[in-house]
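[1] mind looking at a prediction? Sequence and model below.
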Amino acid sequence: MTVAALLGLGGNRDKLAAALKSLSLEGFSYTVQEGNSYGIAGIDFDVRLTSEHGHADHHHAHEGAHGHGHHHDSDSPHHHVPHEHRNLSDVFTVIDRGTLGARARELAKRTFTLVAEAEAEAHGKPIDQVHFHEVGAIDSIVDIVSAAVLIEDLGVTECVVTGLTEGQGTVLCQHGELPVPVPAVLNVARRFGIPLRTSSDKGEKVTPTGIALAAALRTRSELPNTYTVERVGIGLGKRDFGHANVLRAMLLREEAKTPQDRMFVVECNVDDSTGEELGFAMDALFKVGAKDVHYIPCLMKKNRPGQIIKVIVAERELSAVEETLFRCTSTIGVRRYPVERSCMARSTVEVALPQGTVLVKRCERDGVVRFYPEYESVRELALATGEDIRTLSANAVAALVRHP
């Protein structure tokens, strides 16, 4: 469904065909055709295996530039479909022999790695001992590589994933009957903070590969307040839920910031608030939406030592910040002025170290990538293990630099 939606956005079919041919994978074919689901027109991307591999169900769907729905399309239980088992190294070998662009190759590998890590956690084994069943099958490699190639072709650099809609009940797979969401889906959702919504539909609608691609692509969790829709792509699913089974992806152009998006600096000077009061005020300001709070020592009238309280806040939280300053400090007046800012795209990743796991903030803009370990996460691990914070932080960053 993701591949179909990306083709609907204008993804180049010739580039897709050339990339898939370059993988030198035998035993599959695919078709692209127009169709509809309960009256909604869209594109169907269908991967089929030849007889020696068995019939392939196109059983994943992923979020595109912005998607509504994340459907499992298998019309039969997983264990009825014979799949070739591969480990992560085997999958990487297939990807590396293809003539893919650098971004497409990285995205495909990143997606498979996230699935492998989630499955390893679910089954309590090292990542190199995870053998893919559904994910390692030919049709899944084709699906994920196809999505990566089309994302690169469309030039998508930012992706909004607000959340995914899951079904309910159970699903049959290689490991027996599992509750929906399956463990690997929950592991990715927890690790990357992707919200899940439960629908009334019976069956799996969010697959490990689907949510892994969403996590690999996601740079934002909310749509811009104002945007122009440049293109819409509709990917059709094959499972009948009794209503339209589609994935809609949109290419958006963010419009100029509205007053709701404007940033302000709010300041006040105090010379009679205690250190405890100022600490309490800082916590309260962050709770009502302040982006940053800091104190600057100053000399006030009559040479009294004091503090300049400086708060950065979006306009929509402006009144709450001002109210908090009056309530939690001794100030009798505040000043404010609008500012503009440029930010790096930020996401949080979980890094496994020999001592445990830590959260690291990944920041990216115009090809510049930086990693910043989250202090509270590193602090907890340091307290639990006796290791020093600096060493843990450095090891976490080094691990991400080696395997971004």
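    Yep, that arrived. Since we're looking at a predicted model, the values are computed, not measured.

[2] strand partners (parallel or antiparallel) of the least confident helix or strand in the chain by mean pLDDT?
    None of the helices or strands of the chain scores lower by mean pLDDT, DSSP states H and E than strand 131-132, at a mean of 74. The strands beside strand 131-132 in its sheet (DSSP bridges) come out as strand 86-87 (antiparallel).

[3] returning to what we had before: after the least confident helix or strand of the chain, next one along is what?
    Per DSSP states H and E, the first helix or strand lying C-terminal to strand 131-132 is helix 138-154.

[4] for the record, mean pLDDT for that following helix?
    Here helix 138-154 scores 92 as its mean pLDDT.

[5] and what of stretch 203-216?
    90.

[6] tell me how far L164 lies from F92.
    26 Å (C-beta to C-beta, to the nearest Å). The C-beta positions use only the backbone N, C-alpha and C, and glycine is treated the same way.

[7] list the buried ones in stretch 314-325?
    By neighbour count on 16 or more other C-beta atoms under 10 Å, the buried set for stretch 314-325 is 314-315, 317-318, 320-322, 324-325.

[8] sorry, wrong one. I was asking about stretch 277-291.
    278, 281-282, 284-285, 290-291.

[9] ok, now stretch 333-351?
    Buried, per 16+ other C-beta under 10 Å, within stretch 333-351: 334, 336, 347, 349-351.

[10] and for stretch 12-28?
    Applying 16+ other C-beta under 10 Å to stretch 12-28 flags 15-16, 19-20, 23, 25, 28 as buried.

[11] what's in contact with that stretch?
    Applying C-beta atoms under 8 Å, 6 or more residues apart in numbering, the external contacts of stretch 12-28 come out as 3, 7, 30, 32, 47-50, 52-53, 56, 94-95, 97-100, 104, 138-139, 141-142, 145-146, 149-150, 153.

[12] same question, stretch 355-370
    Under C-beta under 8 Å, 6+ apart, the answer for stretch 355-370 is 219, 342-351, 371-374, 377-378, 381, 384-385, 387, 392-393, 396-397, 400, 404.

[13] how about that stretch, which residues are buried there?
    358-360, 362, 364.

[14] quick one: average pLDDT of that stretch?
    89.

[15] which residue ranges of the stretch 151-300 of the chain form strands?
    164-168, 170-173, 176-179, 196-202, 227-236, 246-254, 263-270, 292-299 (DSSP state E, counting those that start in this stretch).

[16] what of the stretch 301-404 of the chain?
    Here the stretch 301-404 of the chain has its strands, by DSSP E, counting those that start in this stretch, at 305-314, 335-339, 345-353, 356-365, 368-373.

[17] now do the first one against strand 335-339, angle only.
    Okay, so that is strand 305-314. 40 degrees (axes from the mean of the first three to the mean of the last three C-alpha atoms, to 10 degrees).

[18] contacts only, for E166.
    So E166 contacts 70, 180-181, 185, 196-199, 204-206 (C-beta under 8 Å, 6+ apart).

[19] equivalent analysis for I234, please.
    I234 neighbours (C-beta under 8 Å, 6+ apart): 4-5, 8, 40-43, 246-248.

[20] how about a cut-off of 10 Å?
    Counting by C-beta atoms under 10 Å, 6 or more residues apart in numbering, I234 touches 1, 4-5, 7-9, 35-37, 40-43, 244, 246-249.

[21] then E380?
    E380 touches 356-359, 374, counting by C-beta under 10 Å, 6+ apart.

[22] neighbour-wise, which of L164 and F92 wins?
    Neighbours per residue, other C-beta atoms under 10 Å: of L164 and F92, the larger number sits with L164, 26 against 16.
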